[in-house]
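Quick one: sequence plus predicted model below, questions after.
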Amino acid sequence: MSERRTYVAGEWITGDELLEVENPADETSAGSVTVTPPSGFRAAIDAARESFDRGVWADLSPADRARVLHAFCDAVEADREPLLDTIVAEAGQPRFFAERAQLGLGLSLARDTIELYRSMVHEESNPVPVDQLVAGRVALSIRRHEPIGVVAAITPYNGAIVMAFQKLIPALMAGNSVILRPSPLTPISSLHLAAAAEAAGIPPGVLSVVVESGSAGAELLSSDPAVDMVSFTGSTAVGRAILAQAAPTVKRVVLELGGKSAQIYLPDAVDRVGAGAMMVIAGSAGQACVAATRMLVPDDRKDDVLGMVADTYATLKVGPPSDPTALIGPVISAGQRARCEQFVQAAADHGGKAVLGGGRPADLDRGYYFEPTVLDLPDNSNPAARDEIFGPVLGVIGYRDLDHAIEIANDSIYGLSGQVYGADVAAATNVARRLRTGAVNVNTAVFSAYAPGGGYKQSGLGRERGPDGIREFQEVKHIAIGELR
């Protein structure tokens, strides 16, 4: 990516501060970008407000908005190789993961979301009992779904592009104006989206991409009265702060936050644990909020499971993205690697033990790598079972029976995702129904524009994707129409 400025109200602006982005695979520079100055954040908000209030985008037909957004996707697709290079450099992700899980999945999600929006009804008759219509002299009762206004989209480092698509496309298709603020750890890839917006002819002010080294700009977006909504993906701690910042202006907040998801194996599916363990860390190095990092298995098979999972993890090569045989890249920073080390130690301090891994790979002296790690946890009270680690660390916990497994899975402040495996599909599905979590995959997995995801409890508010995710970016208006008498 040659462009190192940020994109505000249809113009590329140069800030005074330079943000150096570190490549976590080798600790070199992945590139630099000029930080959006405070005046730029202010200009982005004001331009978004003006563009929405004037209706330059919101008043277009859905078909016209769809045409421009398909052109936006085309422009991103045309920039495919430089964008992939950027993702790999700034996030340290294996190229296959960047290509499939970020760009490929993101573009598919974007195009499907456009068509999903167009298939939905956004103005419809609103049923009201006849006697109430007569009493109010109402000839017609209408329910409309209208854009909410100015949306701040704040995205995480582990999925900068796919999460941006997940927020931008439904928000823009609904007619909103959007300000995208990516993580300071991986901001450069989002500038490709700004270039695509310019190429596609998205009107000035409808989409801005701002970059900062700290959090002051994000705090402004979360608190400013001219912003109507904040859509945030990230940690629960930051989500709590955003809720507090948004409260005085009572703006809508949609949060996809942390998770400590469980994968439950019925006794007839224990032989599936190797593949399930692989899903937690391959490609992402465990840096996924939906990662099912608690593996729940029958007590009498726990030792067998620990061996099977350790054997699986021992086959996974850790290394830089330049090595096409490496399935596990680095975590994002030295601080994140230290967090993994601290949780392995805390697990041991509370009666657990590392069956495999637990430290830095001996053959990698540069980059923020951490070994695929299997923890034998005595119970769900262990710190490694309670908190989100966000690294290639899996904890195995035994259960007495399925009621006990469900109790363990639900014993968490989080409730973002979950998995259940069982040859008896009916029994596995019954377990899934009892889990207090926003999504559960039974013997499979799906990530689709048509399927909603989101959290129970402290894993978030609202939904992303699916019809529910589109509705989050809309207000509901009721119109009662009668003749003047």
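Cool, the structure landed.

For Arg4, give me the pLDDT.
Looking at Arg4, its pLDDT is 83.

list the contacts for the closest residue to it other than its chain neighbours?
Spatial nearest neighbour of Arg4, excluding adjacent residues (C-beta to C-beta, 6 or more residues apart in numbering): Val33 at 4.9 Å. Every residue, glycine included, has its C-beta placed from N, CA and C. Val33 makes contact with 4-6, 18-19, 21, 187-188, 191, 211, according to C-beta atoms under 8 Å, 6 or more residues apart in numbering.

Confirm that Val33 sits in a strand.
Yes. Assignment of Val33 by DSSP: H, G, I helix; E, B strand; the rest coil places it within a strand.

Against Tyr7, how distant is it?
Going from Val33 to Tyr7 by C-beta to C-beta, to the nearest Å gives 11 Å.

for Leu140, same thing?
43 Å.

Likewise for Gly359?
42 Å.

if you count what's nearby, which of those two comes out ahead?
Neighbour comparison, Gly359 and Tyr7: the larger count goes to Tyr7, with 26 against 14 (by other C-beta atoms under 10 Å).

what is that one paired to in the beta sheet?
When assigned by DSSP bridges, Tyr7 has beta-bridge partners Trp12, Val209.

and it, how far is that from Ile188?
In terms of C-beta to C-beta, Tyr7 sits 12 Å off from Ile188.

Could I get the contacting residues of Pro383?
By C-beta under 8 Å, 6+ apart, the contact set of Pro383 is 343, 346-347, 350.

how does it look with 10 Å?
Pro383 is in contact with 342-343, 345-347, 349-350, 352, 377, 389, 395, counting by C-beta atoms under 10 Å, 6 or more residues apart in numbering.

and if you look at Asp268?
Applying C-beta under 10 Å, 6+ apart, one finds that Asp268 lies in contact with 421-424, 427-428.

Equivalent analysis for Ser459, please.
Applying C-beta under 10 Å, 6+ apart to Ser459 gives the contacts 236, 239, 255-261, 289-290, 388, 412-417, 436-438.

try 7 Å
257-259, 414-416, 438 (C-beta atoms under 7 Å, 6 or more residues apart in numbering).

Could you give the number of residues near the closest residue in space to it that isn't next to it in sequence?
Leaving out its chain neighbours, the residue that sits closest to Ser459 by C-beta to C-beta, 6+ apart is Leu416, at 3.8 Å. Residues lying near Leu416 (other C-beta under 10 Å) number 29.

Gly438 is in contact with Leu416, correct?
Yes. At 5.8 Å, Leu416 counts as touching Gly438 under the criterion of C-beta atoms under 7 Å.

Mind listing the shared neighbours of the two?
Common neighbours of Leu416 and Gly438 (C-beta under 7 Å, 6+ apart) are 455, 459.

List the strands paired with the helix or strand where Val420 lies, with their directions.
Using DSSP states H and E, Val420 sits in strand 418-421. Applying DSSP bridges, strand 418-421 is found paired with strand 262-265 (parallel), strand 441-442 (parallel).

which parts of the first one are buried?
Neighbour-count burial for strand 262-265, with 16 or more other C-beta atoms under 10 Å as criterion, is recorded at 262-265.

can you check stretch 120-131 too?
His122.

ok now it, how far from the chain's centre?
Distance of stretch 120-131 from the chain centroid (C-alpha atoms, centre = their mean, to the nearest Å) equals 34 Å.

then it to CSV, C-alphas only?
The C-alpha coordinates for stretch 120-131 follow below in CSV (Å, rounded to 0.1, in the frame of the first residue of the first chain):
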residue,chain,number,x,y,z
MET,A,120,-35.7,-7.7,3.1
VAL,A,121,-38.8,-5.5,3.5
HIS,A,122,-38.0,-2.1,4.9
GLU,A,123,-41.5,-0.6,4.8
GLU,A,124,-44.6,-2.8,5.5
SER,A,125,-48.1,-2.8,6.8
ASN,A,126,-48.2,-2.9,10.6
PRO,A,127,-51.1,-5.1,11.9
VAL,A,128,-53.4,-3.4,14.4
PRO,A,129,-56.7,-4.7,15.7
VAL,A,130,-59.6,-3.3,13.6
ASP,A,131,-61.4,-1.8,16.6
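
residue ranges with poor pLDDT in the chain?
The chain contains residues with pLDDT under 70 at 1-3.

ok so, going back, want to try a markdown table for the contacts of Ser459, with distance to Glu483 and secondary structure as columns?
Below are the contacts of Ser459 laid out as a markdown table (distance: C-beta to C-beta, whole Å; DSSP: H, G, I helix; E, B strand; the rest coil):
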| residue | distance to Glu483 | secondary structure |
| --- | --- | --- |
| Leu257 | 50 | coil |
| Gly258 | 54 | coil |
| Gly259 | 54 | coil |
| Tyr414 | 54 | coil |
| Gly415 | 50 | coil |
| Leu416 | 51 | coil |
| Gly438 | 46 | coil |
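
And the residues you listed, which two are furthest apart?
For the contacts of Ser459, the farthest-apart pair by C-beta to C-beta is Gly258 and Gly438; their separation is 12.4 Å.

Between these two, which is the more surrounded one?
In terms of neighbours (other C-beta under 10 Å), Gly438 is the more surrounded of Gly258 and Gly438; the figures are 25 against 21.

which residues sit in contact with the more buried one?
Here Gly438 is in contact with 415-417, 453-456, 459 (C-beta under 7 Å, 6+ apart).

of these, closest to Asn176?
Gly454 (18.8 Å).

Dihedrals phi and psi, the closest one?
Backbone torsions for Gly454, taken as degrees, to the nearest 10, come to phi 170, psi 180.
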